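**Student:** no sequence on this one, just coordinates:
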């Protein structure tokens, strides 16, 4: 984790799904930049409070609150923003990180598995972005705080461009998220809103531990990564904190792939 600095001082950030894994690393990294942090969780309150406790003990400035929210429910999302604005006055940065998988072969996938993944991974991103945009425009520019009206960062996946058999619902949400992000940029960049995505590759988290926790499993994954190692949640956190800062002011409407080269299709390195 980086040393504390103040690139995001006096700004407030919501990170959805930040009780563990990639979301927790993003929340910690952005808090280390001096931002007020809203740690969101769906059901893991204890883990979310642990993340908040870490932030309070390590970040040099800013404050932190923990808020429960199911991002697929509009009422929950509105309450998330209501609590945030009541505490901190506004929202400057949204990182939409919440995501789930329910994996089936397509011909066996129940409608509920399709709908649940769509609701969280895509509808949730829409609802959170909509509330962020409304708050950015209500509040107006604060040039002493940031050169941008507001920043939206979607956490996507390499599967926004790489098909994934057995995970059609998940891959479909990530492909849709690419279009959502680009459409937001096209519509709101003239108002000085920045909207981008970060697409992680294979990242070591507890959620996918079964895939990398054995020598054989890890070797199989590493064949897909030219750089020769799996990513860590902190790799995504560092990119997110930079992307939220004015150092990235002219980055808008793009996906940053943080994948060790996975999207370079290493299977073709020897003529396929």
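**Tutor:** Done, it's in. For clarity, every value in this text was computed on a predicted model and none was experimentally measured.
**Student:** pLDDT below threshold where in this protein?
**Tutor:** Confidence mapping of the chain against pLDDT under 70 gives the ranges 1-4, 272.
**Student:** which strand in it runs the most residues?
**Tutor:** Assignment by DSSP state E gives strand 193-200 as the longest strand of the chain.
**Student:** Tell me how far that one lies from the chain's centre.
**Tutor:** 8 Å (CA atoms, centre = their mean, to the nearest Å).
**Student:** Give me the sheet partners of it and which way each runs.
**Tutor:** Strand 193-200 has the following sheet partners, assigned by DSSP bridges: strand 150-155 (parallel), strand 255-258 (parallel).
**Student:** buried set for stretch 79-97?
**Tutor:** Within stretch 79-97, the residues that qualify as buried by neighbour count (16 or more other CB atoms under 10 Å) are 80-81, 83-85, 88, 90-97. Quick note: C-beta positions are derived from backbone N, CA and C, even for glycine.
**Student:** ends of stretch 93-102, how far apart?
**Tutor:** Taking CA to CA, to the nearest Å, the first and last residues of stretch 93-102 lie 29 Å apart.
**Student:** ok now it, how far from the chain's centre?
**Tutor:** Between the mean C-alpha location of stretch 93-102 and the chain-wide mean there is a distance of 5 Å, by CA atoms, centre = their mean.
**Student:** What of stretch 90-99?
**Tutor:** Centroid separation for stretch 90-99 versus its chain: 7 Å, with CA atoms, centre = their mean.
**Student:** Repeat that for stretch 89-109.
**Tutor:** For stretch 89-109, the distance between its averaged C-alpha position and the chain's averaged C-alpha position is 9 Å (CA atoms, centre = their mean).
**Student:** Likewise for stretch 74-85?
**Tutor:** Averaging C-alpha positions (CA atoms, centre = their mean) puts stretch 74-85 18 Å from its chain's average.
**Student:** Show residues contacting it.
**Tutor:** With CB atoms under 8 Å, 6 or more residues apart in numbering as the test, stretch 74-85 has contacts from 12, 14, 16, 38, 40, 65, 67-71, 91, 124, 127-128, 131-132, 135.
**Student:** Could you rerun that using 6 Å?
**Tutor:** 14, 38, 67, 69-70, 91, 127-128, 131 (CB atoms under 6 Å, 6 or more residues apart in numbering).
**Student:** between the residues you listed, which has the most around it?
**Tutor:** Compared across the contacts of stretch 74-85, residue 14 has the highest neighbour count, 31 neighbours, by other CB atoms under 10 Å.
**Student:** and the strands paired with strand 193-200 as CSV, adding mean neighbour count and distance to residue 57?
**Tutor:** What follows is the strands paired with strand 193-200, written out as CSV (neighbours: other CB atoms under 10 Å; distance: least, CB to CB, whole Å):
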stretch, mean neighbour count, distance to residue 57
strand 150-155, 26, 25
strand 255-258, 20, 27
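**Student:** Would you reformat these as CSV and include distance to residue 169?
**Tutor:** Putting these into CSV (distance: least, CB to CB, whole Å) gives the following:
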stretch, distance to residue 169
strand 150-155, 17
strand 255-258, 20
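**Student:** Compare those strands and give me the one nearest residue 207.
**Tutor:** Judged by CB to CB, the one of these that comes nearest to residue 207 is strand 150-155, at 13.2 Å.
**Student:** and the closest one, how far from the chain's centre?
**Tutor:** Between the centre of strand 150-155 and the centre of its chain there are 8 Å (CA atoms, centre = their mean).
**Student:** what packs against the helix or strand just after it?
**Tutor:** Counting by DSSP states H and E, the next helix or strand C-terminal to strand 150-155 is helix 168-188. Under the contact criterion of 3 or more CB pairs under 6 Å, 6 or more residues apart in numbering; DSSP states H and E, the helices and strands touching helix 168-188 comprise helix 111-118, strand 193-200.
**Student:** Go through the ones you listed and pick out the most buried.
**Tutor:** strand 193-200 (a mean of 24; mean count of other CB atoms under 10 Å).
**Student:** what residues does that one touch?
**Tutor:** The list of residues contacting strand 193-200 from outside it, by CB under 6 Å, 6+ apart, reads 136, 148-158, 160, 181, 184-185, 236, 239, 243, 251-252, 254-258.
**Student:** Sweet, I'm off.
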